[in-house]
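# Okay, here's the prediction I keep looking at, along with the sequence it came from:
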Amino acid sequence: GVRFGIIKEEIDNISEEYEVVNRLVAKGIPVVDDVPDEIQLLFKESEELHYIDTEEKVDYRNRFLIANAKAGDVIGKIIPGKSGSDGQDIFGTPLKRKTVKRAVFKVGEGCKFENNNIIATTEGKPDFKANTFVVNKLYKVDQVDLKCGNIDFVGNVEVVGAVQEGMEVKAGNELHIGKNVESATVRAGGRITIGGNVLNSTVTAGCENVERKQYYDNLVNLKEIIHDLGASAEQVRQNNLLGPRQYGEIVKILIENKFKSLPKLARNILNYNMSQGVQHSELTTFIINRMLGMGPLKIKEVKEITDFQEIIDEEIEEVENLIVIPADIYLEYAQGAEIEASGSVFITGKGQYTSNIVALNNIEFINENSVCRGGTLSAGNEIKLKTVGSSAGVNTILKVPKKGRIIAEVAYNNTIFCFGEKQVMLEVSSKNVEAYLDKTGEITIDKFVL
């Protein structure tokens, strides 16, 4: 059965020898897989806050270097990949190489692409999010008041002092406020750091891209419809329910009668890609040639449907990581405030009182003496507290998902622990508290009574 790569010279030599051991007489062509493109970041991300045991007051607002790139600096590099080659074994069977897609990236404001380098064209803070390079400019003011007016800036914003009553600050990226925020509204696309108190104010970090979320939902919907369409078409063909018809005809009839929402859904997905400058991807090509108009008639077999499902899965996986970009909030104290972060909320000072705090990741109280009294705290993962509630029985609500965890050094009675739809109230004040759902799905609270 060996029919490829035969080394004739070796066989001629072997025929003249009496004994032969381990002699290579046939050799196939090895597969060389494609080498993917590599995106290198040549700048440092913002450093996380680090807390050390000290009696001195830490000036958190000075712990970030914002303008750390100058015009002409190379902030990123694209290292092109290489195309491999298919192989063949000694039996003549072709061997396919593993192919990879080209790296997808965009160049946004404040930078340019030149000779495989991403170069800053302005001074500011470089960033790489949602597969896009940008250099965010910095807008700096002493304080935000009636004299200064509201701020709405596309890059980073630094307020040295306070944001005063009735004022509003919007930052496209990171926002740093040195002192208090009182009866005001502050929003940022990235991290928010507040060196003072947040009183009766709204603070939001991480602005979700609504269009991208809608696109993701459309992809998930399309995946389900294509799966049902393929199953229905196969059932119709196997049972000959529509008579002797081509596979593409069956698919078109099913779309027109059973899956009527498919064309509109496909157009929405196509329009989003066009708006993003994507015109010739595997996804858009299949939609244009096989899903719209007379396109379904071109589908010859069920494998085309299953292959399209894999393309949708890959797109879903790619978009999933871009829907919510985690953005954290750091603040010292909050009272009567609305705090929301697409990342985590870290309370670095004396705590919070009657505020509503929402974080898609964690909520953590850093200071050993911090207190959490009243209000509702909702986290997508964990809530870590020092002291929650009070001896007077202030009602405080703590919410996490079913797999979440709530940890407190001291928890007073009337504290409510919520896991998904289930909740339980702590009846006896306790210390070293850890609450979670056990294997039976019931709320368990490990604790020692005070």
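Done, it's in.

# Nearest residue to the middle of the protein?
The centroid of the chain falls nearest to N321 when counting by C-alpha atoms, centre = their mean (3.1 Å).

# Show me which positions of the longest strand seen in the chain end up buried.
Using DSSP state E, we find that the single longest strand of the chain is strand 345-359. Going by neighbour count (16 or more other C-beta atoms under 10 Å), the buried part of strand 345-359 is 345-349, 351-353, 355-359. For every residue, glycine as well, the C-beta is placed using N, CA and C.

# Could you name the specific helix or strand carrying the residue nearest to the centre of the chain?
helix 302-323 (DSSP states H and E).

# tilt between the next helix-or-strand element following that helix and strand 345-359?
Going down the chain from helix 302-323, the next helix or strand is strand 329-335, by DSSP H and E. Per axes from the mean of the first three to the mean of the last three C-alpha atoms, to 10 degrees, the angle that strand 329-335 makes with strand 345-359 is 80 degrees.

# Helices of the stretch 201-350 of the chain, residue ranges please.
Using DSSP state H, counting those that start in this stretch, the helices found in the stretch 201-350 of the chain span residues 210-238, 247-257, 262-275, 282-286, 302-323.

# any low-confidence regions in the stretch 51-200 of the chain?
51-68 (pLDDT under 70).

# Which parts of the stretch 1-150 of the chain are helices?
Secondary structure of the stretch 1-150 of the chain (DSSP H, counting those that start in this stretch): helices located at 8-14.

# other SSEs contacting the longest strand of the chain?
Helices and strands touching strand 345-359, by 3 or more C-beta pairs under 8 Å, 6 or more residues apart in numbering; DSSP states H and E, are strand 329-335, strand 338-341, strand 363-365, strand 371-379.

# will you turn those into a markdown table that also has distance to G92 and mean pLDDT?
Formatted as a markdown table, those follow (distance: least, C-beta to C-beta, whole Å; pLDDT from 0 to 100):
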| stretch | distance to G92 | mean pLDDT |
| --- | --- | --- |
| strand 329-335 | 63 | 96 |
| strand 338-341 | 60 | 92 |
| strand 363-365 | 63 | 96 |
| strand 371-379 | 60 | 94 |
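
# Is it possible to get CSV of those that adds mean neighbour count?
Shown next, in CSV, are the helices and strands packed on strand 345-359 (neighbours: other C-beta atoms under 10 Å):
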stretch, mean neighbour count
strand 329-335, 24
strand 338-341, 22
strand 363-365, 25
strand 371-379, 21
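
# and these as TSV, adding distance to V220?
Below are the helices and strands packed on strand 345-359 laid out as TSV (distance: least, C-beta to C-beta, whole Å):
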stretch	distance to V220
strand 329-335	29
strand 338-341	25
strand 363-365	29
strand 371-379	24
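
# closest to A392 out of those strands?
strand 371-379 (9.2 Å; C-beta to C-beta).

# Could you point out the helix or strand that follows that closest one?
strand 382-388.

# so what strands line up beside that following strand?
strand 363-365 (parallel), strand 371-379 (parallel), strand 405-411 (parallel) (DSSP bridges).

# Dump those strands to CSV, plus distance to N117.
Shown next, in CSV, are the strands paired with strand 382-388 (distance: least, C-beta to C-beta, whole Å):
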stretch, distance to N117
strand 363-365, 39
strand 371-379, 41
strand 405-411, 45
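
# Of all those, which one comes closest to E182?
strand 371-379 (17.7 Å).

# Give me the residues contacting that closest one.
344, 350-363, 365, 383, 385-390, 394-400, 404 (C-beta atoms under 8 Å, 6 or more residues apart in numbering).

# My guess is T185 contacts S201. True?
Yes - using C-beta atoms under 8 Å, T185 is in contact with S201, at 6.6 Å.

# So the two - more neighbours on which side?
Between T185 and S201, counted using other C-beta atoms under 10 Å, the more crowded position is S201 (24 against 17).

# Quick check: phi and psi on the more buried one?
Dihedral angles of S201 (phi, psi; degrees, to the nearest 10) stand at phi -130, psi 170.

# what sits against it?
Applying C-beta under 8 Å, 6+ apart, the residues near S201 are 163, 181-186, 337-338.

# ok, of those, which one's closest to I299?
E338 (51.3 Å).

# and the nearest residue to G84 once chain neighbours are set aside, how many neighbours?
Among residues not flanking G84 along the chain, V32 sits closest, at 3.8 Å (C-beta to C-beta, 6 or more residues apart in numbering). Neighbours of V32 under the rule other C-beta under 10 Å: 14.

# which of the residues in stretch 244-252 are buried?
Result for stretch 244-252 [16+ other C-beta under 10 Å]: buried residues 247-252.

# same deal with stretch 417-427?
417-419, 426.

# ok, so of the residues you listed, who is nearest E442?
Of all the buried residues of stretch 417-427, the one sitting nearest E442 is F419; the distance, using C-beta to C-beta, is 9.4 Å.

# Hmm, E442 and that closest one touching each other?
No - contact criterion C-beta under 8 Å: F419 and E442 do not qualify, at 9.4 Å.

# any weak-confidence spans in the stretch 251-400 of the chain?
In the stretch 251-400 of the chain, residues with pLDDT under 70: 323-324.

# one more time with 50, if that's ok
By pLDDT under 50, the stretch 251-400 of the chain contains no weakly predicted segment.

# with the buried residues of strand 345-359 in mind, which one is nearest to Q235?
Closest to Q235, out of all of these and judged by C-beta to C-beta, is V358, at 45.8 Å.

# Could you point out the bridge partners of the closest one in the sheet?
The partner residues for V358, given DSSP bridges, come to E340, S378.

# which residues touch it?
V358 neighbours (C-beta under 8 Å, 6+ apart): 339-341, 378-379.

# which stretch among the strands paired with strand 382-388 comes nearest I305?
strand 371-379 (41.0 Å).

# distance between the closest one and the chain's centre?
Distance of strand 371-379 from its chain centroid, counting by C-alpha atoms, centre = their mean, to the nearest Å, is 26 Å.

# about what we covered before: how near is the residue nearest to G84 to T99?
11 Å (C-beta to C-beta, to the nearest Å).

# And T185, by the same measure?
T185 is 49 Å from T99, by C-beta to C-beta.

# on that earlier part again, tell me how far the residue nearest to the centre of the chain lies from Y216.
N321 is 11 Å from Y216, by C-beta to C-beta.

# same thing with E310?
17 Å.

# Which of the two has more residues huddled nearby?
Y216 (19 against 10).

# wait, doesn't that one sit right on V319?
Yes - assessed by C-beta under 8 Å, Y216 is found in contact with V319 at 4.9 Å.
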